[in-house]
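J.: 3D, please:
(2 chains, ligands or ions: 2)
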Amino acid sequence: MSSYVEGVAILLGLNIIAVLGVSILTGFTRLFSFGNAGFMAIGAYGSAILTTKYGIPFIPAIIISAAFSGLIAYLIGALTLKLRGDYFLIATLGFGESVRVLFAYIEPITGGARGFTAIPKYTNFYITAISVVIAFIFAWNLVHSKTGRDLIAVREQEAAAEAVGINTFASKQLAFVISAVYAGWAGALYSHNLTFITPEMFNLAKSAELTITTVIGGLGSLTGSVLGTLLVTLLPELFRSLASYRMLIYGIAVVAVIVLKPDGLYGYREFSINRIISYLKKVFVKAPKKGADIVERNT
Amino acid sequence: MNEILKIEKLSKYFGGVKAVHNFNLSLQEGKIHGLIGPNGAGKTTIFNLITGIYKPMDGNIIFCNQDITGKKPYSIARLGIGRTFQNIKLFANLTALQNVIIAGNQDITYNLLESFLRTVKFRKEEKSLREKAMMLLETVGLADMADKMASNLPYGHQRKLEIARALALNPRLLLLDEPAAGMNTEESKELVTFIYDIKERFNLTILIIEHHMDVISNLCDECTVLNFGETICRGCPSTVKRDRLVIEAYLGEEYVC
Ligand SMILES: Nc1ncnc2c1ncn2[C@@H]1O[C@H](COP(=O)(O)OP(=O)(O)OP(=O)(O)O)[C@@H](O)[C@H]1O
Ligand SMILES: [Mg+2]
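T.: Ligands and ions are numbered 1, 2, ... in the order given. Okay, here's the model as predicted:
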């Protein structure tokens, strides 16, 4: 594998992990966070400090820094999740920006705004690939279990969820913690991939990118989130010359999705080979007349 | 016989509105009790107080000898109080079956790790929850609509689905808020039989709010009449119907002869 392809694959992988976290939070629980780049920063700086200053091996450093991200989310969630949805969003935004400023400020430890340098390059294709697989399977099994149903119930109808015994606060907190752990995990892979990080890399635009990717991919769909990440990560690679219009293109893409396909590319359903096969069969084998499909759906 | 629910001196005001004032109730296990009264009398507010959506300003609610006053809605539900809503609150974008399965979540004992590993216990519990949900849909006559989206069901079916969902919680006490709303006489007759059947089958005690007097008469052992948050009459439905205050509350003073 050429180092360019490997580099893109790693970037793709860690974006998938961070977006899957947002997908659980936003797609399944309907909480919007504009602070997940802050959790990425905690993972990135945390693991960099652990490996360079304390000589802790990479894998434990990932686990510790991701867990620490989760702990911070737990504390912030305890304070802010009782607020109404839109206030929670503002609180996460404030959190993300605070983390960025804090890391720029504590220069002796983080290198300040000039950045944290000489981080060993531990992230490789295999660690990233294994991480993506574990992150996806965990998310998938979570969503398709009691816990996932609790989250979906919170998204659909909070009062009814409480009325059937679901602790909606605890469910939201869990979703928030998981999204932070995923972000921290992605951040740890990120810093040991780039070997150099600055607080600016984890700004509001990065948080927005994670949420935008989730929306484009489709809320309530993990495969949709992966698909969305593929698009959002690979298209800028293909059209390098458009890189400076990145945010503009995101903006247009989000507006287009909201207007044309409000559920996103793959909202509220998962990519399924079986469904595609049966669709193809319908189209090519039976070739039904126009309208037959509609009748079928109504009966 | 066992007293399953005891409410003492329950009050809730909204600003100057005395939604519920000094409400008392003693409900024996296995009984069906009706709550009636004109619009705005405070009936739904009593349900919201029992289920913890509102905190009472005064008074106690004792369920199965346990003080549940001021507890969180989810923990009251877990103790065994199921309810339906006057303005239907289904998980609208999920199927009928998913609606019921979610409500059966409290049966599940596997933890996060076990669901990650998909253990035998996980698969067993998921399977039996699914079967239970199908059984409940059958009970309310929606088995053939299990895969329909809840919001696409006709109104009457949505009300039935809400009942199935409440039953998935294995409640001992079921609160029904106007289950016959929008039904004609024929349908509400059917509903009476249905409610009586589920009460017998699932050993329920039922508190029901209803405007259809025939439903109350045919179903309830006793009923309470509310007006402007005050209890104005209590007794078996046939006596209550003849009460002077009740007729006044419903029809206005000039109709009393
Ligand atoms: N959340 C609230 N905030 C303010 N006032 C409320 C609230 N809930 C109920 N009320 C008021 O309390 C009174 C009782 O309302 P409630 O909904 O309990 O009546 P009800 O007996 O269920 O009437 P209906 O037959 O119309 O359903 C009404 O005057 C209502 O406006
Ligand atoms: Mg009401």
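J.: buried residues in the top helix by length along chain B?
T.: Using DSSP state H to define each element, chain B has its longest helix at helix B:120-139. Residues of helix B:120-139 classed as buried by neighbour count (16 or more other CB atoms under 10 Å in any protein chain shown): B:122, B:125, B:126, B:129, B:132, B:133, B:134, B:136, B:137, B:139. Yep, even glycine has a C-beta here, placed from its N, CA and C like the rest.
J.: Now pLDDT too, for those residues, in CSV please.
T.: Converted to CSV, the buried residues of helix B:120-139 look like this (pLDDT from 0 to 100):
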residue, pLDDT
B:122, 94
B:125, 95
B:126, 94
B:129, 95
B:132, 96
B:133, 96
B:134, 95
B:136, 96
B:137, 96
B:139, 94
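J.: could the residues you listed be laid out in JSON lines, adding distance to chain A?
T.: Formatted as JSON lines, these follow (distance: CB to the nearest CB, whole Å):
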{"residue": "B:122", "distance to chain A": "7"}
{"residue": "B:125", "distance to chain A": "8"}
{"residue": "B:126", "distance to chain A": "8"}
{"residue": "B:129", "distance to chain A": "9"}
{"residue": "B:132", "distance to chain A": "13"}
{"residue": "B:133", "distance to chain A": "11"}
{"residue": "B:134", "distance to chain A": "16"}
{"residue": "B:136", "distance to chain A": "12"}
{"residue": "B:137", "distance to chain A": "15"}
{"residue": "B:139", "distance to chain A": "17"}
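J.: and the residues you listed, which two are the farthest apart?
T.: For these, the farthest-apart pair by CB to CB is B:122 and B:139; their separation is 26.0 Å.
J.: now the strands for the stretch 1-150 of chain B?
T.: Using DSSP state E, counting those that start in this stretch, the strands of the stretch 1-150 of chain B run over B:3-14, B:17-28, B:32-36, B:58-63, B:66-67, B:81-83.
J.: Tell me who's in contact with the residue in the stretch 1-150 of chain A that ligand 1 sits nearest to.
T.: Closest residue of the stretch 1-150 of chain A to ligand 1, CB to the nearest ligand atom: residue A:84 (15.7 Å). Residues counted as contacts of residue A:84 (CB atoms under 8 Å, 6 or more residues apart in numbering or on different chains): none.
J.: ditto for residue B:217
T.: B:237, B:238, B:241.
J.: can you rerun that using 10 Å?
T.: Shown in contact with residue B:217 (CB atoms under 10 Å, 6 or more residues apart in numbering or on different chains): B:34, B:192, B:223, B:236, B:237, B:238, B:240, B:241.
J.: So which of those residues are in helices?
T.: Using DSSP H, the contacts of residue B:217 in helices are B:192, B:237, B:238, B:240, B:241.
J.: farthest pair in the residues you listed?
T.: B:192 and B:240 (17.2 Å).
J.: out of the two, which sits in the more crowded spot?
T.: residue B:240 (23 against 19; other CB atoms under 10 Å in any protein chain shown).
J.: wait, doesn't that one sit right on residue B:33?
T.: No. Assessed by CB atoms under 10 Å, residue B:240 is found out of contact with residue B:33, at 11.8 Å.
J.: Overlap of the contact sets of those two?
T.: Joint contacts of residue B:240 and residue B:33 (CB under 10 Å, 6+ apart) are B:216, B:220, B:222, B:223, B:224, B:234.
J.: want to try a markdown table for those, with neighbour count and distance to residue B:17 as columns?
T.: Below are those laid out as a markdown table (neighbours: other CB atoms under 10 Å in any protein chain shown; distance: CB to CB, whole Å):
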| residue | neighbour count | distance to residue B:17 |
| --- | --- | --- |
| B:216 | 24 | 25 |
| B:220 | 22 | 27 |
| B:222 | 18 | 27 |
| B:223 | 26 | 24 |
| B:224 | 22 | 20 |
| B:234 | 16 | 23 |
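J.: Kindly identify which of the residues you listed also come near ligand 2.
T.: For ligand 2, no contacts are drawn from the shared contacts of residue B:240 and residue B:33 by CB under 5 Å from the ion.
J.: now those as TSV including pLDDT?
T.: Formatted as TSV, the shared contacts of residue B:240 and residue B:33 follow (pLDDT from 0 to 100):
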residue	pLDDT
B:216	90
B:220	92
B:222	92
B:223	91
B:224	93
B:234	88
